[in-house]
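**Student:** Only the shape, not the letters, is given here:
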Ligand SMILES: Nc1nc2c([nH]c(=O)n2[C@@H]2O[C@H](COP(=O)(O)OP(=O)(O)OP(=O)(O)O)[C@@H](O)[C@H]2O)c(=O)[nH]1
């Protein structure tokens with residue numbers, strides 16, 4: 001029997017560029033979500049939504065300059081994931097970033113933390129957990145996502 005959900009319009013993806021900033025010693029940068037956004041206080045990788053006409057790299061460069069005050073070097077997409085939140089269906093374009101210039105300024109009142117393995121800040125934003133899984137695989141160490149957040 002047909003019901004209203006048969007006519008539901010598929011949710012449109014929100015495209016998001018996300019930067020995984022890595023220092024030479026392997027530490028990664030996590031930042032906290034500012035007050036007023038969904039999941040405020042959760043830790044995530046810095047980034048934000050693509051604006052019309054932008055590539056992932058352009059969006060990432062703009063977002064990190066706006067939010068952190070740094071200018072990044074080259075960035076290309078490493079992996080893509082999707083996460084279905086109540087507030088949005090997001091497609092996350094993950095870029096590793098090894099070079100940047102400028103001093104970090106938390107321009108949205110967020111916090112930042114360089115994290116070694118395993119990360120100790122919590123809670124971690126659910127859509128960021130796959131990255132931790134990939135790092136565990138890269139480093140050949142066990143990782144239990146249920147212990148995060
Ligand atoms: N920046 C970032 N966003 C993530 C991560 N994981 C994840 O699911 N997201 C989701 O991707 C979306 C990014 O949106 P945002 O609100 O941070 O982006 P923005 O800075 O452009 O926001 P604005 O619309 O307030 O300007 C959110 O729905 C967020 O929940 C992550 O690791 N980093």
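**Tutor:** That came through fine. These numbers were taken from a predicted model, which means no experiment stands behind them.
**Student:** Just list whatever residues bridge to the nearest residue to residue 75 once chain neighbours are set aside.
**Tutor:** Setting aside the residues directly before and after it, residue 75 is nearest to residue 95 in space (Cβ to Cβ, 6 or more residues apart in numbering), at 4.1 Å. Just so you know, the C-beta spots here come from the backbone N, C-alpha and C atoms, and that holds for glycine as well. The residues listed as beta-bridge partners of residue 95 by DSSP bridges are residue 19, residue 77.
**Student:** these two touch, right, residue 95 and residue 17?
**Tutor:** Yes - counting by Cβ atoms under 8 Å, residue 17 is a contact partner of residue 95 at 6.8 Å.
**Student:** If you count surrounding residues, which of the two has more?
**Tutor:** residue 17 (26 against 22; other Cβ atoms under 10 Å).
**Student:** isn't there a helix covering residue 134?
**Tutor:** Yes - counting by DSSP: H, G, I helix; E, B strand; the rest coil, residue 134 falls inside a helix.
**Student:** wait, doesn't it sit right on residue 45?
**Tutor:** No - counting by Cβ under 8 Å, residue 134 does not reach residue 45; the two are 11.9 Å apart.
**Student:** Who has more neighbours out of the two?
**Tutor:** A direct count of neighbours by other Cβ under 10 Å for residue 134 and residue 45 places residue 45 higher, at 21 against 15.
**Student:** Number of residues surrounding the closest residue to that one other than its chain neighbours?
**Tutor:** Spatial nearest neighbour of residue 45, chain neighbours left out: residue 18 (4.8 Å); criterion: Cβ to Cβ, 6+ apart. Residue 18: 26 surrounding residues under other Cβ under 10 Å.
**Student:** Lovely, talk soon.
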